[in-house]
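Asker: Attaching a predicted model along with its sequence, questions to come.
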Amino acid sequence: MGKPKILLLGKIDHATASWNALSDVAELVTAQAKNRAEFIEECTSGRLDGVVIICDRAPSSLAVTGKYDEELIQALPKTLKFICHNGAGYDNINVSACTARSILVSNCPNVVDDATADTAIFLILAALRGFNNGIMAIRNGTWKGAVPPPPLGHDPQGKVLGILGMGGIGRNLKKKAEVFGMSVIYYNRKQLDVEQADGAEYVSFDDLLARSDVLSLNLPLNAGTRNIISTPEFEKMKDGVVIVNTARGGVMDEAALVDALNTGKVLSVGLDVYQQEPNIHPGLVSNPHVCLLPHMGTSTVETKTKMEEWTISNVRSALEKGKLLSLVMEQVREVGKD
Ligand SMILES: O=CC(=O)O
């Protein structure tokens with residue numbers, strides 16, 4: 001019998017030695033397809049038969065696969081048992097459809113926490129202090145901007161940071177925000193134990209909305225969290241609240257956010273993620289009180305390296321032990337594995 005086949009989609013940029021080392025125990029294959037239609041054709045033609053594991057090096061794989069929706073998952077090789085996704089968020093993968101085909105999925109938790117929380121801190125400071133006004137003005141050659149100048153910003157010290165979603169990134173952000181003198185409240189599906197909460201106050205969802213000076217979104221996107229922040233939620237917030245999103249654009253209704261900015265309900269915003277990337281609501285692009293980043297939360301050499309190493313560790317574990325190191329939580333629940 002030949003070695004099991006691993007299909008690499010996208011490109012390994014950093015952990016090449018670990019990837020190449022897999023060739024001792026597996027046959028490493030790549031797709032010829034350049035787009036989704038070609039990839040589906042390649043799968044159904046039988047060229048990828050025998051592939052047991054997909055190493056999904058997102059986001060460079062995205063051009064070839066598109067979303068892992070029902071159509072794509074049905075087309076994947078019949079021999080496939082594991083998809084090892086190189087990202088923390090996996091809202092692009094229909095996990096129930098994978099479970100129905102007995103395909104297990106892993107993601108990249110933990111290794112993204114520092115870089116993503118750092119991005120949230122940058123956006124919190126930028127939004128509170130109104131730094132985006134200054135960045136735009138100086139590049140436009142108008143020094144501090146219009147006459148009269150834009151309103152003064154605010155200090156983080158003494159402000160309440162509300163964290164929606166207290167997983168690894170939320171907890172990392174909590175520690176960093178405290179260094180800036182913020183006090184932290186949080187809402188999560190489940191209250192954390194005392195050690196994990198580390199002094200952060202657990203509040204109801206409505207209390208989080210009502211008490212936050214700055215609200216940071218740090219929860220995964222799924223059917224239960226899509227548009228969790230929309231007009232009714234903005235109405236429950238303090239006047240002049242600051243909103244930061246480093247999670248997924250889909251957790252917040254962008255049109256409702258633009259309305260809340262226009263009425264002054266929301267003072268300023270920091271965003272790294274959008275509902276329809278790379279398209280951004282024009283009401284956000286044109287607003288100087290909105291600091292925008294093009295989904296850069298994990299864009300560091302160190303973090304990208306750690307993500308690739310972790311994904312490859314999942315591939316190796318699937319190969320050698322038939323188990324994933326970080327099975328996605330829906331499958332921990334649904335399949336009861338690990
Ligand atoms: O957005 C980045 C990730 O999900 O890893």
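Answerer: It's in.

Asker: Which helix or strand contains S216?
Answerer: Assigned by DSSP states H and E, S216 belongs to strand 214-217.

Asker: Show me where the stretch 1-150 of the chain has its strands.
Answerer: 5-9, 27-30, 51-56, 82-85, 104-106 (DSSP state E, counting those that start in this stretch).

Asker: Of all the ones you listed, which one is nearest the ligand?
Answerer: Closest of the strands of the stretch 1-150 of the chain to the ligand is strand 82-85, at 8.7 Å (criterion: C-beta to the nearest ligand atom). Where you see a C-beta, it was placed from the backbone N, CA and C, and this is true even at glycine.

Asker: Dump the closest one to PDB, keeping only the CA atoms.
Answerer: The C-alpha coordinates for strand 82-85 follow below in PDB (Å, rounded to 0.1, in the frame of the first residue of the first chain):
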ATOM      1  CA  PHE A  82      -9.800  15.400   7.900                       C
ATOM      2  CA  ILE A  83      -9.700  19.200   7.000                       C
ATOM      3  CA  CYS A  84      -7.000  21.000   8.900                       C
ATOM      4  CA  HIS A  85      -7.900  24.700   8.600                       C
END
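
Asker: chain center to it, what's the gap?
Answerer: 17 Å (C-alpha atoms, centre = their mean, to the nearest Å).

Asker: and what of stretch 86-95?
Answerer: Distance, centroid of stretch 86-95 to centroid of chain: 9 Å (C-alpha atoms, centre = their mean).

Asker: Using neighbour counts, pick out the buried residues of it.
Answerer: Residues N86, G87, A88, G89, Y90, D91, N92, I93, N94, V95 are the ones in stretch 86-95 that count as buried (16 or more other C-beta atoms under 10 Å).

Asker: Just the strands from the stretch 201-338 of the chain, written as ranges.
Answerer: 201-202, 214-217, 241-245, 266-271, 290-292.

Asker: Check which residues of the last one are buried.
Answerer: Going back to what we said before, that points to strand 290-292. V290, C291, L292.

Asker: ok, now which ones touch the closest residue to E320 other than its chain neighbours?
Answerer: Spatially, and ignoring its direct neighbours in sequence, E320 is nearest to V25 (7.3 Å; C-beta to C-beta, 6 or more residues apart in numbering). Applying C-beta atoms under 8 Å, 6 or more residues apart in numbering, we find V25 in contact with K3, P4, R316, L319, E320.

Asker: per-residue confidence for N188?
Answerer: pLDDT, N188: 97.

Asker: ok, it touching M166?
Answerer: Yes - N188 is in contact with M166 according to C-beta atoms under 8 Å; the separation is 4.2 Å.

Asker: Just want to know which of those two has more residues nearby.
Answerer: Each of N188 and M166 has its neighbours counted (other C-beta atoms under 10 Å); M166 has more, 24 against 21.

Asker: which ones are touching the more buried one?
Answerer: Shown in contact with M166 (C-beta under 8 Å, 6+ apart): K174, Y186, Y187, N188, L192, Q196, A197, A200, N218.

Asker: Inside strands: which ones of the residues you listed?
Answerer: Y186, Y187 (DSSP state E).

Asker: Which one (most neighbours) among the contacts of M166?
Answerer: Top of the contacts of M166 by neighbour count (other C-beta under 10 Å): N218, with 27 neighbours.

Asker: gap between it and the ligand?
Answerer: 12 Å (C-beta to the nearest ligand atom, to the nearest Å).

Asker: ok so, going back, just put the strands of the stretch 1-150 of the chain in CSV and tack on distance to the ligand.
Answerer: Below are these laid out as CSV (distance: least, C-beta to the nearest ligand atom, whole Å):
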stretch, distance to the ligand
strand 5-9, 16
strand 27-30, 22
strand 51-56, 12
strand 82-85, 9
strand 104-106, 13
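
Asker: Out of these, flag the one nearest V258.
Answerer: Nearest to V258 among those is strand 82-85; the distance by C-beta to C-beta comes to 31.5 Å.

Asker: Tell me the one of the buried residues of stretch 86-95 nearest L327?
Answerer: If you rank these by distance to L327 using C-beta to C-beta, V95 comes first, at 10.1 Å.

Asker: residues in contact with that closest one?
Answerer: Contact analysis of V95 by C-beta under 8 Å, 6+ apart lists V105, V328, E330, Q331, E334.

Asker: And the residues you listed, which two are furthest apart?
Answerer: V105 and E334, at 10.9 Å, using C-beta to C-beta across those.

Asker: Mind checking if the longest helix belonging to the chain is in reach of the ligand?
Answerer: Ranked by residue count under DSSP state H, the longest helix found in the chain is helix 301-321. No - judged by C-beta under 6 Å from any ligand atom, helix 301-321 stays clear of the ligand, getting no closer than 6.8 Å.
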